[in-house]
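Peer 1: return atomic coordinates for the entry below.
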Amino acid sequence: MQIGNALYNEKKYLEARSEFQSAVQYAEIVKEGAIWVNFMDKEIARRKALEQPAS
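Peer 2: Numbers count the residues shown, from 1 in each chain. All right, here's what the predicted structure looks like:
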């Protein structure tokens, strides 16, 4: 989880998502990891939308 947070802070969103996805396998943090994966999916989609030229 800490690596995912560090990567998120560095704006390395795809790498951060991968780390959070890996965290989901651990029972102690499965819920928190799933929340972060969901958040990262939305953040990645938002960033892609912002990169699109305005129409």
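
Peer 1: so where's this protein uncertain?
Peer 2: Along the chain, the parts satisfying pLDDT under 70 run over 55.

Peer 1: so for it, the centremost residue is which one?
Peer 2: Centroid-nearest residue in the chain, with C-alpha atoms, centre = their mean: Met40, separated by 2.9 Å.

Peer 1: for that one, which non-adjacent residue is spatially closest?
Peer 2: Arg17 (3.8 Å; C-beta to C-beta, 6 or more residues apart in numbering). Placement of C-beta: from N, CA and C, glycine included.

Peer 1: may I see the buried residues of the helix or strand hosting that neighbour?
Peer 2: Per DSSP states H and E: Arg17 is located in helix 13-23. For helix 13-23, a neighbour-count test (16 or more other C-beta atoms under 10 Å) marks Tyr13, Glu15, Ala16, Arg17, Ser18, Glu19, Phe20, Ala23 as buried.

Peer 1: nearest residue to the third one in space, please, no chain neighbours.
Peer 2: So the one you mean is Ala16. Leu7 (3.7 Å).
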